[in-house]
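Participant: need coordinates for the following:
(one chain, ligands or ions: 1)
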Amino acid sequence: MKIKDFTIKEAHEGLKNGEFTSVELTQAYLEEIEKKDKEIKAFITVNKDLALEQAKRADEMIKNGKMTLLTGIPCALKDNVLLKGIKCTAGSKFLENYIATYNASVVKKLEEQGAVFLGKTNLDEFAMGSSCEKSAFFPTKNPNDLERVPGGSSGGSAASVSANMCVYAIGTDTGGSIRQPASFCGVVGLKPTYGSVSRNGIIAFASSLDQVGPLTKNTEDAQIVFEAIKGVDKMDSTTIDYTEEDIDLKNIKIGVPKEYFTTGLDKEIEDSVKSAIEKYKKLGAEIVNISLPHSEYALACYYIIAPAEASSNLARFDGLRYGENTDGSIKNRTEFFGKEVKKRIMLGTYTLSSGYYDAYYKKALKVRTLIKNDFEEAFKKVDVVLGPTSPCLPFKIGEKMDDPMAMYLADIYTVSVNLAGLPAVSLPIANNIGLHLIGSSFKEKKLLKIASLIENKI
Ligand code: GLN
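Facilitator: Reported below is the predicted structural model:
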C-alpha cells in the first residue's frame, strides 16, 4: 500500500472499513522510514519486530470489535519515553546501550488502545536544546529543508510526523520542546497542563516543568491523543483527573500581549501572526490587548530553575547505575555527558549551593510566581493568549551551535508556559511558522477548538 498524508481519523477509517490492515499500514510506514530516514535521521531506533507484533494484535482487536481511534495506528516515541525491552538513550552516550525495563505510563495507556510503536526518535541530550543538534548521536534534519534544523528537543518526533514516517508522535516539553519543533516542521504540537499527563517512565529533565504531549497532523488528532494519554496515575502524584464541559465558541476573547511583539521577532513571523489575528477578527472573536509584564524575566527564570532541577535529576547518572564502566568514577560523567548537559549541571549545582540559593534559586521561584500571576490576571479577561511560537524561522544546521544565547532565545515565547504550568499549542499558519495559543489550566479542549477555527484557513 501507499502511504498518504494520513491523519489519525483517516487511518482509523481505513482500518475500520477494511481498506487495509494494521500490519499493512505498519509495513508501509516502516518502508517509508527505510526510504526517507537515511537522510532525515529522525529515528534513533526502529523496532520493526515489536511494531509488527503490535500491529497483529491490533488487527485482532479490530476483528473482535475492540477498536478505539488509536487501535492499529503507527506512532513514534521520543527517545526519553521508556518502551519495555527497547533501547532508550535520551540522546545521551550515558544511555547508549540502556534497555528500558518497564513501560512509561503513557506507553501503557496507548498500548491498551492498541497503538503501534514504530520506533524512538532523536532528541537533544536529556531534552536540553532547541535544535536536535545536541543529540550525542547525530543531528536530525528538517524534512522541509534538509539544510535546516527541525527544532528541539523533540526534533525527531516533529520531523517524523512532518515527513509522514508515522501518523503521530509523542514528545516532551520542559520549556518548548514540543511546540518549537512543531512550529519548525509545520505540524501541531500540544503541551498539556502540568499534571494532566503522567511523567512516570519519562527520563526526567526538570520535574516541575516537564510534560508529555502529542505532535500531530492537526488539532483533532492532538485532542484524540491527549484524551488517550491524560488522567490520574498512581505512579505520578502530580497527576489529576478532569473533564472539560462543552465549549461555547461564541464570544471568544483572544488576548494579545504587547510584550510578544517587540524587537527580536522575525518580520515574516510577525506578519503571519498578525494575519492570524485578522482571521480571528473576521470570525467574530474579540481581540483584547493585554500585558504580561513579567514575561521579560521568563527566560532568565527558566535557566535558573530548569538547570537546578536537572542537576538533581541527573545525579542518578553517577557512574554506578548507568554507563559502560560502572566503577563509580567521576570519569564516567566526564566522558558520557555532553557539553550542554555538563554546563547545566554546573549551573544548577551553583544556584542551589548555600550562599547562592537565596540570590538565584529562591529569587527565580518568586519570579515564577509573578509570571504565573500575570497569566491568571490575563485569563480573567480572555479565553486564550495568542503570539508566535518561535521568534525565528528554522535556522541552518550548525548556525547557532557556538552561540548559546541565540539558541536559548528560540524559547523566549514558550518557557513562561511551563513556568506557569499552562497548556499551549503550536498551530502551523505558514511555512515553518507556528501560532502559539496559550490556554488556562485544564482547558485543552477549548484551546484546541479555538486553534481549529483558523486551521488550514490561512
Ligand atoms: N530548549 C529548552 C531547553 O533547552 C527547552 C527544552 C525542553 O522543553 N525540553 O531547555
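Participant: show me the contacts for residue 81.
Facilitator: 88, 104, 106-107, 120, 170, 172, 201-203, 212 (Cβ atoms under 8 Å, 6 or more residues apart in numbering). In short, each C-beta sits where N, CA and C put it, glycine included.
Participant: can you get me a residue count around the closest residue to residue 337 other than its chain neighbours?
Facilitator: With sequence-adjacent residues excluded and distances taken as Cβ to Cβ, 6 or more residues apart in numbering, residue 337 is closest to residue 94, at 6.5 Å. Other residues within reach of residue 94, judged by other Cβ atoms under 10 Å, total 26.
Participant: isn't there a helix covering residue 75?
Facilitator: No - using DSSP: H, G, I helix; E, B strand; the rest coil, the assignment for residue 75 is strand, not a helix.
Participant: list the beta-bridge partners for it.
Facilitator: Residues in a beta bridge with residue 75, per DSSP bridges, are residue 117, residue 168.
Participant: mind listing what it touches?
Facilitator: With the criterion set at Cβ under 8 Å, 6+ apart, residue 75 makes contact with 110, 115-118, 166-170.
Participant: show me which of those are buried.
Facilitator: 110, 115-118, 166-170 (16 or more other Cβ atoms under 10 Å).
Participant: list, one by one, the residues from the stretch 201-350 of the chain near the ligand.
Facilitator: 205, 306 (Cβ under 6 Å from any ligand atom).
Participant: phi first, then psi, for the residue lying closest to residue 177 once chain neighbours are set aside.
Facilitator: Excluding the flanking residues, the one nearest residue 177 by Cβ to Cβ, 6+ apart is residue 153, at 4.2 Å. Torsion angles at residue 153 (phi, psi; degrees, to the nearest 10) stand at phi -90, psi -20.
Participant: excluding sequence neighbours, find me the nearest residue to the residue in the stretch 251-400 of the chain that the ligand sits nearest to.
Facilitator: Minimum separation of the stretch 251-400 of the chain from the ligand (Cβ to the nearest ligand atom) falls at residue 306, amounting to 5.5 Å. Distance criterion Cβ to Cβ, 6+ apart; nearest residue to residue 306, sequence neighbours excluded, is residue 206 at 4.2 Å.
Participant: also residue 214?
Facilitator: residue 225 is the one closest to residue 214 (Cβ to Cβ, 6+ apart), at 3.7 Å.
Participant: if I pick that neighbour, what's in contact with it?
Facilitator: 8, 70, 168, 170, 214, 216.
Participant: ok, now residue 252?
Facilitator: Contact analysis of residue 252 by Cβ under 8 Å, 6+ apart lists 280, 284-286, 383-384, 450.
Participant: mind checking how far it is from residue 214?
Facilitator: 23 Å (Cβ to Cβ, to the nearest Å).
Participant: just residue 184 next, same as before
Facilitator: Residue 184 is 16 Å from residue 214, by Cβ to Cβ.
Participant: between these two, which has more neighbouring residues?
Facilitator: residue 184 (35 against 31).
Participant: which helices and strands does the strand or helix carrying the more buried one pack with?
Facilitator: Using DSSP states H and E, residue 184 falls within helix 179-185. In terms of contacts (3 or more Cβ pairs under 8 Å, 6 or more residues apart in numbering; DSSP states H and E), helix 179-185 is packed against helix 155-162, strand 188-191, strand 424-430, strand 433-439.
Participant: quick revisit: between the contacts of residue 75, which sits nearest the ligand?
Facilitator: Of the contacts of residue 75, the one sitting nearest to the ligand (Cβ to the nearest ligand atom) turns out to be residue 170, at 13.3 Å.
Participant: what residues does stretch 57-67 touch?
Facilitator: 15-16, 21-23, 71-72, 114-116.
Participant: OK, contacts around the residue most central in space within the chain?
Facilitator: For the chain, residue 178 is the residue whose C-alpha lies nearest the centre (Cα atoms, centre = their mean; 2.1 Å). Residues near residue 178 by Cβ under 8 Å, 6+ apart: 154, 157, 171-172, 189-191, 213-215, 426.
Participant: and what of residue 37?
Facilitator: 43, 46, 165.
Participant: returning to that earlier point: from the contacts of residue 252, pick the one nearest residue 311.
Facilitator: residue 384 (34.3 Å; Cβ to Cβ).
Participant: look through the stretch 301-450 of the chain and state the residue closest to the ligand.
Facilitator: residue 411 (4.7 Å).
Participant: partners of the nearest residue in space to residue 256 that is not next to it in sequence in the sheet?
Facilitator: Leaving aside its chain neighbours, residue 256 sits nearest to residue 386 (5.5 Å; criterion: Cβ to Cβ, 6+ apart). On the basis of DSSP bridges, residue 386 is bridged to residue 437.
Participant: who's in contact with residue 386?
Facilitator: 254-256, 273, 276-277, 280, 435-438.
Participant: redo these as TSV? Include distance to residue 329 and pLDDT.
Facilitator: As requested, the contacts of residue 386 are exported to TSV (distance: Cβ to Cβ, whole Å; pLDDT from 0 to 100):
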residue	distance to residue 329	pLDDT
254	55	98
255	53	98
256	54	98
273	51	98
276	54	98
277	57	98
280	58	97
435	49	98
436	44	98
437	48	98
438	45	98
